[in-house]
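Novice: any chance you can model this:
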Amino acid sequence: MNDIYTDKHMKSILIIFLCTIVNCFNSYAQSISGNLSLLANQQIKLEGFSGLKNYPISSATIDESGNFKLTYSKSDYGIGYIMSVDKKPLFVILSGEEIELAGEALSYSETLKIKKGEENLLFEKYAKEHPRREQALSAWSYLEKIYFSDSLFTKQKAPSKAIQTEKQRIKKEDTKFLYQLPKGSYLSWYLPLRKLISSVSVVAQHGPEEIANTLYAFREIDYTDSRLYKSGLFKDALENHFWLLENSGKSLDSIFLEIQLSIDAMLNDLIKDEKKLNEAAEFLFDLLERHSLLRASEYLAMKMLNQTSCTINSDLAKQLETYRAMRKGNIALDIDFANFQSLNVIQKKTSARKLSEIKSPFTLVVFGASWCPKCTKEIPDLNKNYRNWKKAGLEVVFISLDENEDDFKKFTEPLSFISLCDYKKWNGKTVKEYYVFGTPTMYLLNSIREIVLRPNSVEQISAWVDWFLSDKK
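Specialist: Model (predicted):
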């Protein structure tokens, strides 16, 4: 009898437990439903953001009448986007509210309307009104400059005053909308940040007096904030922040000082979160490299490598280590050409048997490969410039990371400069000694192998030759 009672009691507890789990899930699960009349029987999906990446949340098949339903949970709190076969995203606020929309198709944005969801209704309203305000402000700013600087209009005080009044009215109207958003809502945090990010090009072109305040606002961004991580703005915040720094109109030295301040501000918070630190630093490092801001990327590398309170991902650490070991002013190791199997290629170009034996004021050491897409453009461009560069005092040594002898010879046969290959790809002695983790990688050395420059393009080398060696041509 006691055993029967115990079994029934345990079953009741189990049922209550399972019901509790289901109720907890349901309390967090919210839906996005609606009707897209032109997308019957098509797939539709909802995706969210996680730092620099996106991830799937839910998917469904739209029924014959155009109805659909997608779900999301508390962990998806942030910005999401709905996608269908037309590949036109519709961004939505995933703040825990039920969302309902209607229209013909996501690609026909003029037919779409949010029918339910307070934050999403406000989001839709601002998304329609704010761009129009920005366009009007840009137009008024353009006219304001004309009335201020053109002698034909400077005497007309009334229009100038009217322009300033209208600009102030538009700004106040936009600020009022943001101020009246529900306090503590995701939208009240998201829209001001998106406005800051989208304002960068206008500030750079028409509002130089606003650059300082805009940079201050960017430096106040906390990159560990989960709201930012789920917003889809993580990448945009980094890109626009440093684009504004680069296009602030200051001297190059001043720009680098400003970039250092921004890097310090960003890392100050990120040190608390290793995952986000590595993700942001890796992206920013690549961004600075692509924009040829090499002093800035070196500063970032040194800051990261000197951190003791966090762990850097091994791949990123190796890439950053390049800047410690191969920074400007360091002496690069000598390269013994006997370590390469391509002696027949060298003999046609030079009698030197080591890098140190090359009789030239400067030498450009280039690492690349036939399988590298960028190399297939850059290396032939190097070859086109080589004759003039050599006359000016610059020698070129190409070290290939090819593994196949036929590929290497076919790629380097047209080249006029020294070409070497040991067919060991990333495991070659020189590749490791020169901390090569990507192709093409270039080092400009002087006669004692001191690193003068770490160029990232043929254009940069060409500009350096024109500036520093033009008198030798």
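
Novice: list the contacts of stretch 193-210.
Specialist: Applying Cβ atoms under 8 Å, 6 or more residues apart in numbering, the set of residues contacting stretch 193-210 from outside is 130, 134, 137-138, 141-142, 145, 174, 178, 211, 214, 217-218, 221, 228, 231, 233, 236-237, 240-241, 243-244, 247-249. C-beta: built from backbone N, CA, C; applies to glycine.

Novice: in that stretch, what's buried?
Specialist: Of the residues in stretch 193-210, 193-194, 196-197, 199-200, 202-204, 206 count as buried by neighbour count, 16 or more other Cβ atoms under 10 Å.

Novice: now residue 362, nearest residue through space, not along the chain?
Specialist: Of all residues beyond its chain neighbours, the one nearest residue 362 is residue 394 (4.7 Å), with distances taken as Cβ to Cβ, 6 or more residues apart in numbering.

Novice: now do residue 242
Specialist: Sequence neighbours aside, residue 287 is the residue nearest to residue 242 in space, at 6.3 Å (criterion: Cβ to Cβ, 6+ apart).

Novice: and if you look at residue 364?
Specialist: residue 396 (4.8 Å).

Novice: need the contact list for that neighbour.
Specialist: The neighbourhood of residue 396, defined by Cβ under 8 Å, 6+ apart, consists of 363-364, 366, 382, 386, 389-390, 417-418.

Novice: which single one of the residues you listed is nearest to residue 46?
Specialist: residue 366 (46.7 Å; Cβ to Cβ).

Novice: element containing the closest one, please.
Specialist: Using DSSP states H and E, residue 366 sits in strand 362-368.

Novice: please identify the buried residues of the longest helix along the chain?
Specialist: Taking DSSP state H as the assignment, the helix of the chain that covers the most residues is helix 118-149. Neighbour counts over helix 118-149 (16+ other Cβ under 10 Å) mark 119-124, 126, 130, 134, 137, 140, 143-144, 147 as buried.

Novice: low-confidence ranges in the stretch 1-150 of the chain?
Specialist: In the prediction, the stretch 1-150 of the chain carries residues with pLDDT under 70 at positions 1-28.

Novice: show me the helices in it, by range?
Specialist: 2-28, 118-149 (DSSP state H, counting those that start in this stretch).

Novice: circling back to that earlier point, quick one, phi/psi of the residue nearest to residue 364?
Specialist: Note on residue 396: its backbone torsions stand at phi -130, psi 130 [degrees, to the nearest 10].

Novice: show me which residues of the helix or strand following the strand holding residue 366 are buried.
Specialist: The C-terminal neighbour of strand 362-368 among helices and strands, as given by DSSP H and E, is helix 375-392. Neighbour-count burial for helix 375-392 flags 375, 378-379, 382-383, 385-386, 389, 392 (criterion: 16+ other Cβ under 10 Å).

Novice: quick one: residue 439 and residue 373 touch, right?
Specialist: No: judged on Cβ atoms under 8 Å, residue 439 makes no contact with residue 373 at a distance of 9.4 Å.

Novice: of those two, give the one with the bigger neighbour count.
Specialist: More crowded of residue 439 and residue 373, by other Cβ atoms under 10 Å: residue 439, with 21 against 8.

Novice: what secondary structure does the more buried one sit in?
Specialist: Residue 439 carries the three-state label coil when classified by DSSP: H, G, I helix; E, B strand; the rest coil.

Novice: please tell me how far it sits from residue 81.
Specialist: Between residue 439 and residue 81 the distance, using Cβ to Cβ, to the nearest Å, works out to 35 Å.

Novice: closest to residue 109 out of the contacts of residue 396?
Specialist: Taking Cβ to Cβ as the measure, residue 382 is the one of these closest to residue 109, at 47.0 Å.

Novice: now do the same contact list for the closest one.
Specialist: Shown here is residue 382, whose contacts under the criterion Cβ under 8 Å, 6+ apart are 364, 366, 396, 398, 415, 417, 458, 461.

Novice: hmm, try it at 10 Å
Specialist: Residue 382 is in contact with 364, 366, 368, 375, 389, 396, 398, 415-417, 440, 442, 458, 461-462, counting by Cβ atoms under 10 Å, 6 or more residues apart in numbering.

Novice: go through those and name the one nearest residue 104.
Specialist: Within these, proximity to residue 104 (Cβ to Cβ) peaks at residue 375, which comes in at 47.6 Å.

Novice: pretty sure that closest one is touching residue 411, no?
Specialist: Yes: Residue 375 lies in contact with residue 411 (Cβ atoms under 10 Å); the separation is 8.4 Å.

Novice: need the overlap of contacts for these two.
Specialist: Contact criterion Cβ under 10 Å, 6+ apart; residues shared by residue 375 and residue 411: 368-369, 398, 400.

Novice: make a markdown table from those and add distance to residue 169, pLDDT and neighbour count to it.
Specialist: Rendered in a markdown table, the data for the shared contacts of residue 375 and residue 411 read as follows (distance: Cβ to Cβ, whole Å; pLDDT from 0 to 100; neighbours: other Cβ atoms under 10 Å):
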| residue | distance to residue 169 | pLDDT | neighbour count |
| --- | --- | --- | --- |
| 368 | 57 | 94 | 26 |
| 369 | 59 | 94 | 20 |
| 398 | 62 | 94 | 23 |
| 400 | 64 | 94 | 31 |
